[in-house]
Every structure is written in structure tokens, then in C-alpha cells.
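Colleague: have a look; sequence and predicted model below, questions after that.
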There are 2 protein chains.
Amino acid sequence: MTIKADWIAVDWGTSNMRAWAMSASGTVLAEGSTDKGMGRLTPAEFEPTLIEVAGDWIDGPTTVIACGMVGAKQGWVEAPYAAVPCPAMGHNFVTAPTQNPDLTVHIIPGVSQASPADVMRGEETQIAGFLARNTGWDGVICLPGTHTKWVHVSADEIVSFQTCMTGELFATISTHTVLRHSVSGDGWDQAAFDGGLADAMARPERMAAQLFSLRAQGLLDGLGNDAARARLSGLLIGAELAASKPYWLGQQIAVIGAGGLSKLYVDALAAQSAPATQVNGSAITLAGLTAAYRLLKG
Amino acid sequence: MTIKADWIAVDWGTSNMRAWAMSASGTVLAEGSTDKGMGRLTPAEFEPTLIEVAGDWIDGPTTVIACGMVGAKQGWVEAPYAAVPCPAMGHNFVTAPTQNPDLTVHIIPGVSQASPADVMRGEETQIAGFLARNTGWDGVICLPGTHTKWVHVSADEIVSFQTCMTGELFATISTHTVLRHSVSGDGWDQAAFDGGLADAMARPERMAAQLFSLRAQGLLDGLGNDAARARLSGLLIGAELAASKPYWLGQQIAVIGAGGLSKLYVDALAAQSAPATQVNGSAITLAGLTAAYRLLKG
């Protein structure tokens, strides 16, 4: 059975690419993916990679809408940042060069902030998807991940945002420092997470001294790896919440992302008397790409 | 010409080992080194490695005094920690097993602290060396490095200490995160260091949000790599000074370590109106090993 897409939605990040065959009304007809992320491709390799994943869905002129690092300087074509304050989704799509005359590829630009200097690519599409489903929503959106974003949204615009490298720091510290001996494995100790979170929130200025203590507690007190890795996560997320307090304090909050990590943030915010709504990240990306399609087709 | 050591001083860390042929009066007769650190050796391989480096100096019964990770659980033989408060150097040396009947190897134990959990191995010998040269000195000793130590010394005892993983974080973040693109090279921008230091000291709770901005400033403002890596160093040392403020505030301070890094700490402390004395690390290790020899023979 052949699937003919009315249009194709693409989420193309540094490490992975996902594509969906879409009907004009916004139904998913099929989906595919590859690990050929932006980080592994030269500009000329994007179109063949798209054809590998989505070629079977293309029969005649087809619109493709893509978000993420595909629009970075090292991507398919650079889609210059929109500067805040700006709508999450504008009319500033950039067309990528293609060999196949049937393909029209629109790339959604990222968003930048001059001071403090900050950038996002991909999250703006998730924010647009969230706002498409929650018209007139005002508040702060947290998008946890490798580079967690805190985004202040008001009157349908991104007002300001702040990135914390929490996910990447956790991964790097867990893998490449002396703490790798203390935190290996994949178990979890919720009480240790809660303790790390509370300590980092209460005394964020002591952060730099907290990390090595995980190793020392292992040597002296037999602290287990599950507890050490959960406490490391709690310390880093606590440091992030401390740094982001001007964002979330007293605001309506939505946390958009993968389930397990998002729940850590929602629970951590709840412990600070800051209730947050948890939203599925994958579905909201597709909602954002669909919002872009509708904007384009007017 | 053959050198016969009256005794042999050894600084045996995770990555490297250095040895000195010593006269009874404390003069250096010869020195050697190897990259066969504790991390690369099984217990049975320590003695052959010592012979490789120092075998030519041994003629008849010889005392060897060693400090550092050689006394860790994974080292030659475990030298259990002394717990604070305690003298930097006690009589609690541990004898390592040897095949060569002429060798008597004494290992200097590390020091531990129960709460907050912390450990050191090697720095206690530097502290003992510093105190041997500065009798009755009271104050705080900072030993910058992979794992920087802040040590409160009073009445010839180590009262308390705190480790910050600043050096390891700088190396890991510079090598294994997205910031590697922004900070590669080896140049230096002193103003950028000073700015990072001041920002981290003034608002330590914002630390988690400062790092990604280095990448964004590169993308948006053309921040150069020299400035980015100096600012990263300033941010991390600033976070450490913020976490260590209860240690150094209002105290007499000595900074012991390699020249360039120690000078960063001395200058950073001076910017906080906290004058510190800079002390050469290598010479002070040898002074500490000599103090151990005198204690043993005393």
C-alpha cells in the first residue's frame, strides 16, 4: 500500500531526524526516522537523507516543513534567528535548496536573545504547538533536555528565555569525571534526588563544593550508585531552579518534554510550591509543525 | 657516577609518579619520574615501577616515603584516612609489602572528614611541608588543581576542608560539551576572566544559566575563543570562591600549587580584598615528604 503525503513534517536535530507523512487536515499517515542528524551531514547530504526516510511518501509536488538544527549555520541552509520579543512562529521560513523539483522545503528559524545572549532552534516550534493548543496562554514554558530552556511567553510572543546546560552537564559529569565511578548504573533513589534538590535550592552558592562530596560519601559512607546519581541529578536540577527562579516564581508553568525527565521537573517545582502542567514533547513538536503548515497555507 | 640515596621521596598520584634520591640531611641528589600513575597499576606492579625509576639509587637497606593515591584502596596498599581534626602528618604511616628485602616503603595516609564527607590524599603532605616551613601558621590553605582543596589549619592541625571539582569541571566542559567549539585553543583574555569571576561571585545562584551563554555569545556576538575560555575559567573559579567564602573570608590565606593556576586564585582572591601568599607546589611536596622522614627517624 502506498502512502501519499499531502505534506511532510520533519524534526531534524543534531543527533536524529524524525519525519511524518501528513494529510492536509493534520492526520499522521506514516512516520520514519534516522540517526543522520545535522551533526553528521554536509549541506548536500540533507536532501538525499530526507528522500531515504520520506521518499516513498512523495508523489508530485510536496511541501516539507522542518524545524531544529537543520536551520543552523552548519545545517541544510541557515535560517537566521528571529530576535525576541517575537511570535514563536512567524512568516520568516527559509527555503532550502533542492535537486528534486517536486520538493519545497521550508525551514523554521530559531529564536535569539541579545542580552543575556541566548539561542534556541526547535523549541520555538514546540512553543508554537503548545500555543496553538492553548490559545492566549501566558506564563513560563520549561523544556527540559540536553540544554533546558525556560521561556517567558506573553500575548502570543516569546518575551525572553534562558538556557541551562543541565542535561549535558549531568551526562558529562556522569561519564567523564571521577564521579563516573560513583554514579554508574541506571537505578534511582528518590529520597537522594529530593535531598540534592533541596540542598542546591537552599544554598545555591555552595554548588561547586557539593559535587566531590558524592565521591567522598561513596568512599567513607558507602553511598550507593543509585543514591549518588539521583543526588547528582537533584543537585544540578536544583541549581537550575535556583538560577531560573526569576522565571518561574509566581507564574503559570508548563513543562514540555520526555516523560521521565519532565516529571522530575514537575515534582521539583511542586516541592517549591510552583505547580506545573506536564505536556508530551513529541506530540507538541508535531502540533508546532502543523501550525507552521497552516500559517504557510494561510 | 653512582648515586646512593639515604632515602627516597615519592609523590605517586593517579596519573604520574615522581621520585627524588635524598641525602639524610634533606638534599636532593637526583630525581626521576614516570607516567605509570596509580590509575594504571595493579598492587603488584608498584614495586617494579619504583625500581624502574629509583633502582639505581638503592644500595643496601633504603627507606622510601610515598604520598598520594599510592595509598588508596586501589593503590599499593591501603593507608586508611586519618579523620579531622588531626595533624597534617601523624605517626600513622603504613608499610607496603615488598619483594626486595632492602626496601622499606612507608605510605603517608590521606585525611578524611565525616561531614560534609570529604577526602584528600597527597595534599596533607603539602600542608605538612608548608607547616614545617611556617611553624605555628594559622589560616586557610588553598591547593588548586583537578580537585581544589580549601583547608582550615589551626594549632598545627587540619580542622576542616572542602573539595571543589573546579579543575576537572573546566577540563570536562571544555572537552566534552557543546562549549568545546567555543573555548578551544590556549589563548587568554584577562578581562573576560575578570568578568566571569565577578559575575559568578556577585550572583552565584545564576551559575547554571551562565555557561550556555558562552556558546550563544559566540554565535550572536562573535565572542572569541580566548575570551570564552577565560570567562569559563572565571565563572568556575568564581563559583568556587562563592562556595568557599566561609573558608577564606577574613583569614590568612596561602595558595599552594602550579604557578599559572595558583596566580589565578591569588588574583581572584585579591579582587575580593583577600590577600593570599603564593607557594610553589612541587617544592612544598618535597618539604612534606622530608618532614615525614624526620618524624619517622626522629
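Modeller: Done, it's in.
Colleague: what about stretch A:268-287, near chain B?
Modeller: No: among the residues of stretch A:268-287, none lie within reach of chain B under CB under 8 Å from any CB of the partner chain; the closest is 13.2 Å away. Heads up, the C-betas are built off the backbone N, CA and C, glycines and all.
Colleague: could you export that stretch as PDB, CA atoms only?
Modeller: This file holds the C-alpha atoms of stretch A:268-287, laid out as PDB (Å, rounded to 0.1, in the frame of the first residue of the first chain):
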ATOM      1  CA  ALA A 268      10.800  19.600  41.800                       C
ATOM      2  CA  LEU A 269       8.700  22.700  41.000                       C
ATOM      3  CA  ALA A 270       5.800  21.300  43.100                       C
ATOM      4  CA  ALA A 271       8.300  21.000  46.000                       C
ATOM      5  CA  GLN A 272       8.800  24.700  45.600                       C
ATOM      6  CA  SER A 273       5.000  25.300  45.700                       C
ATOM      7  CA  ALA A 274       5.100  26.000  42.000                       C
ATOM      8  CA  PRO A 275       2.500  23.700  40.300                       C
ATOM      9  CA  ALA A 276       3.300  22.900  36.600                       C
ATOM     10  CA  THR A 277       1.400  21.200  33.800                       C
ATOM     11  CA  GLN A 278       3.300  18.300  32.100                       C
ATOM     12  CA  VAL A 279       3.000  18.200  28.300                       C
ATOM     13  CA  ASN A 280       4.200  15.400  25.900                       C
ATOM     14  CA  GLY A 281       7.100  16.700  23.900                       C
ATOM     15  CA  SER A 282       6.800  14.600  20.700                       C
ATOM     16  CA  ALA A 283       3.100  15.400  20.200                       C
ATOM     17  CA  ILE A 284       3.700  19.100  20.700                       C
ATOM     18  CA  THR A 285       6.500  19.200  18.100                       C
ATOM     19  CA  LEU A 286       4.100  17.800  15.600                       C
ATOM     20  CA  ALA A 287       1.500  20.400  16.600                       C
END
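Colleague: distance from the chain centre to it, please.
Modeller: Going by CA atoms, centre = their mean, to the nearest Å, the spacing between the C-alpha centre of stretch A:268-287 and its chain's C-alpha centre is 12 Å.
Colleague: buried stuff in that stretch?
Modeller: For stretch A:268-287, burial by neighbour count (16 or more other CB atoms under 10 Å in any protein chain shown) applies to A:268-269, A:272, A:274, A:276, A:278-279, A:281, A:284-287.
Colleague: so of those residues, which ones are in helices?
Modeller: With helices taken from DSSP state H, the overlap with the buried residues of stretch A:268-287 comprises A:268-269, A:281, A:284-287.
Colleague: mind picking the two most distant members of those residues?
Modeller: Distance extremes for those: the farthest pair is A:268 and A:286 at 27.0 Å, using CB to CB.
Colleague: ok, so of the ones in helices among the buried residues of stretch A:268-287, who is nearest chain B?
Modeller: Within these, distances to chain B taken as CB to the nearest CB reach their minimum at residue A:268, with 13.2 Å.
Colleague: of the buried residues of stretch A:268-287, which pair is most distant in space?
Modeller: In the buried residues of stretch A:268-287, two members sit farther apart than any others by CB to CB. They are A:272 and A:286, at 31.0 Å.
Colleague: and stretch A:227-243, average pLDDT?
Modeller: Here stretch A:227-243 scores 96 as its mean pLDDT.
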